[in-house]
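K.L.:
Show me the folded form of this:
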Amino acid sequence: MKKFLAILAVVGVFSACSTTKEEPAPQKFTEARFDTQQDINLKVSKVDVVSDFVPSFTRPNVEHLFPVSIEKTALNWGRDRLKAVDFSSAKQATFTVKDASVTEEIVKAERLFEKDSVKYRAKLSVVLKVSDTAKFSSAETSLDAWRELMIPIDTPIDQKEVYWKNMVDKLFDEFNARMQANINKYLNMYVENSSFITDYE
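P.N.:
This next block holds a predicted model:
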């Protein structure tokens, strides 16, 4: 009986030594959605949401390194907010992403012993066009939005991703408000039940 207990004790010691500490799981980020916001109902029969943006995958462009895509977020915005409500109309709308790039630039420290920095510039360019095939006419509005971020050059990648995600979120906070204002101002005649009074400058 004593010999059996001794063996159990040794096994218990080896089991304790084999336990390893688990690494924390990496953060997961997803592109923002806008389906909880009020629809922008357009008096058209169809809304196409497309992208003409082609990433280069070469520096200084680094949009492919971001944990969330400006291009995909812009497409989400178009699909979530723009709705066709006049299916008998000859009019069609096209929301096109023209640019969804991010560039990086090394900024040298001005003082000795200070760290260099990296400056990121995100740019979003879109066009919303309404075409009337019956009258061979069209109208459109476009918007260019951008945001900059400066962080120390030695920032760990997990912290970089948090900064990048926040940068994209703030870019779309501005874009969302400005794009709706543009539609109300320049495409007001195509917005259903719009109470906005167009004031052309």
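
K.L.:
Quick check: buried residues in the helix ranked longest in the chain?
P.N.:
In the chain, assigned by DSSP state H, the helix with the most residues is helix 157-186. The neighbour-count check on helix 157-186 (16 or more other C-beta atoms under 10 Å) flags 160-161, 164-165, 167-168, 171-172, 175-176, 179-180, 182-184, 186 as buried. (Glycine included, C-beta is placed from N, CA and C.)

K.L.:
Is the closest residue to residue 146 other than its chain neighbours bridged to anything, and to what?
P.N.:
Spatial nearest neighbour of residue 146, excluding adjacent residues (C-beta to C-beta, 6 or more residues apart in numbering): residue 123 at 4.7 Å. Note on residue 123: beta-bridge partners by DSSP bridges are residue 101, residue 146.

K.L.:
tell me the mean pLDDT for the longest helix of the chain?
P.N.:
Model confidence over helix 157-186 averages 97 on the pLDDT scale.

K.L.:
list the contacts for residue 175?
P.N.:
Taking C-beta atoms under 8 Å, 6 or more residues apart in numbering as the criterion, residue 175 is in contact with 74, 77, 124, 143, 145.

K.L.:
which stretches of the protein have low pLDDT?
P.N.:
Counting by pLDDT under 70, the ranges of the chain that qualify are 1-26, 195-201.

K.L.:
Can you list the residue ranges for helices in it?
P.N.:
Using DSSP H, helices in the chain cover 2-17, 70-81, 157-186.

K.L.:
May I see those helices organised as TSV, with distance to residue 107 added?
P.N.:
Formatted as TSV, the helices of the chain follow (distance: least, C-beta to C-beta, whole Å):
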stretch	distance to residue 107
helix 2-17	49
helix 70-81	22
helix 157-186	15
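
K.L.:
Can you check which of these gets nearest to residue 35?
P.N.:
helix 70-81 (4.3 Å; C-beta to C-beta).

K.L.:
what's the angle from the closest one to helix 157-186?
P.N.:
Computed with axes from the mean of the first three to the mean of the last three C-alpha atoms, to 10 degrees, the direction of helix 70-81 lies at 40 degrees from that of helix 157-186.

K.L.:
List the contacts of residue 153.
P.N.:
106, 115, 116, 117, 118.

K.L.:
Quick check: strands, which of these are part of them?
P.N.:
106, 117, 118 (DSSP state E).

K.L.:
what's across from residue 152 in the sheet?
P.N.:
Going by DSSP bridges, residue 152 forms beta bridges with residue 117.

K.L.:
residues in contact with it?
P.N.:
115, 116, 117, 118.

K.L.:
Using CSV, lay out the residues you listed together with distance to residue 95 and neighbour count.
P.N.:
Formatted as CSV, those follow (distance: C-beta to C-beta, whole Å; neighbours: other C-beta atoms under 10 Å):
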residue, distance to residue 95, neighbour count
115, 41, 10
116, 39, 11
117, 35, 17
118, 32, 17
